[in-house]
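J.: What would the 3D arrangement of this be:
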Amino acid sequence: MGSQSSFKKPVTHAINEFLAFLHSNHPKINKIVIALSGGKDSVALLHGLSRASHNYLLKAVYINHGLQTVADEWQKENAKLCQQLSINYDSIQVEINTNKASLEQEARNARYAAFTKLMDENTCLVTAQHQDDQAETLLLQLFRGAGVKGLMAMPYIKSFANGLIARPLLSISVEDIKNYINSKNLSFVEDPTNADDSISRNFLRNQVIPKLKETWPKLQISLAKTTENLAEAQLLLEQLAEQDLQSLIEKSHILNIEKLKSLPIERVNNLLRYWLAGFNIRMPQRKQLAEIYNQFIVEENNNPLFELSNYQLRKYQSRIYLVGLSDDAIDFDKSYSWILNSDFYLNGQCRIELQQLVVQWSKLKGKEVTVHYRQGGETYYRNDKALGKSLKNYFQERQIPTWERDKLLLVSYQGKVIFIESQC
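T.: Numbering: from 1, shown residues only. Predicted coordinates for the structure are as follows:
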């Protein structure tokens, strides 16, 4: 009887299903953080969890972006609601760069950055996205020309920071949520920007989707199925990319170009998307992928360079290198004195182990040497050879890419380079 009753209350049923899923599949979780905006969706989620999740420590968190004049008032309303429901509550103030092109995206980034700090392996963050949100997101991404990954469903649950993030109401319509709010006589805040149709999502929600529903009343259900199908297609694409990657990757940041040439361009693009996503690099657009393909695979250009977020793609000896960009400025003209009695440290990060050097040059222990960067024209001397070798030839033999050579620390004794540190 209880089960039949819960099916008549979709929100209650969805929350009970979520808690059962969490208990069975993620037994480590004992804390649930609720992302509480104060709107009807998050209020329904908060109330439902407060009535059902007796085995979990609940905490509601309001992120105050400071973008609305009533943001502080919402903060107070949320605190009052949580007090009524006996739920722990916290509010976090974040700063938003209002000069950014997409204020919505900037606010979202700040919000999730704040939530990240609350996570550990025992915590699950829950947000209140529902079936209608899923439909809106699909249409927005479709109009932006997104690929399969951009069009696929928001996942029900996935890893987030050190814990998990879940969307218990993802199968529930906005009408179900309204009915729940009304049946429980719950108060909630109304975001005045929701009526602003100059915002793309609002235009879809307020103007486009109601028109579409006149002809397709179950539009959101159909679109939800589409996103699930796309999620399956994306999984297959990622599995194919992983197979291709394993056949041609040399290190995590190096791809073999000759082996890439054996793949059709579609699989190369799929592989590049997958590989770059592993470094949290924003998905390249189709035009960018075409430029990468032409510069690094088709053309015989020996020194192409392609900028991607905080990385560069470089080419050296038929290999593509993904190179991270450092914010640390290097003074290449500076040199440092080192007495060979202990390890050498530079800026508290770079370390040259004494043992590495004295195992080759034992007679120099206790002597003073100079640590410096390459200036050009140096010769490298080994302890077992009378004649030296030019650094250029040494680097070529070791297949050290040209852009890495100037960053290597050299150790000189009496004007001769006797050691090269490649780990700094």
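J.: Check the gap between residue 351 and residue 171 for me.
T.: Distance check for residue 351 against residue 171: by Cβ to Cβ, to the nearest Å, it reads 53 Å. C-beta here means a position set from N, CA and C on the backbone, and glycine is covered the same way.
J.: Neighbour count for the two, which is higher?
T.: In terms of neighbours (other Cβ atoms under 10 Å), residue 171 is the more surrounded of residue 351 and residue 171; the figures are 18 against 14.
J.: contacting residues around the more buried one?
T.: Residues touching residue 171, when contacts are defined by Cβ atoms under 8 Å, 6 or more residues apart in numbering, comprise 14, 131, 224.
J.: From these, pick the one nearest residue 299.
T.: Distances from the contacts of residue 171 to residue 299 were compared by Cβ to Cβ; the smallest belongs to residue 224, at 44.0 Å.
J.: okay, that closest one: pLDDT?
T.: In this prediction, residue 224 carries a pLDDT score of 89.
J.: In which helix or strand does it reside?
T.: Under DSSP states H and E, the secondary-structure element containing residue 224 is helix 219-248.
J.: Against which helices or strands is that helix packed?
T.: When contacts are defined as 3 or more Cβ pairs under 8 Å, 6 or more residues apart in numbering; DSSP states H and E, helix 219-248 sits against helix 131-143, helix 148-151, helix 209-215, helix 257-260, helix 265-277.
J.: how about these, which one is nearest residue 380?
T.: Closest to residue 380 of the helices and strands packed on helix 219-248, according to Cβ to Cβ: helix 257-260, at 28.8 Å.
J.: What are the contacting residues of the closest one?
T.: Here helix 257-260 makes contact (Cβ under 8 Å, 6+ apart) with 247-248, 268, 271, 296-297, 315, 318-320.
J.: buried stuff in stretch 145-158?
T.: Of all the residues in stretch 145-158, those buried under the rule 16 or more other Cβ atoms under 10 Å are 146-154, 157.
J.: And for stretch 238-245?
T.: 238, 241, 244-245.
J.: Ok, stretch 313-330 next?
T.: Buried residues in stretch 313-330, counted by 16+ other Cβ under 10 Å: 313-316, 319-322.
J.: Equivalent analysis for stretch 349-359, please.
T.: Residues of stretch 349-359 classed as buried under the neighbour-count rule (16+ other Cβ under 10 Å) are 352, 354, 357-358.
J.: How many residues are close by the closest residue to residue 183 other than its chain neighbours?
T.: Taking Cβ to Cβ, 6 or more residues apart in numbering, and ignoring the residues beside it in sequence, residue 183 has residue 9 as its nearest neighbour in space, at 7.9 Å. Using other Cβ under 10 Å, residue 9 is surrounded by 16 other residues.
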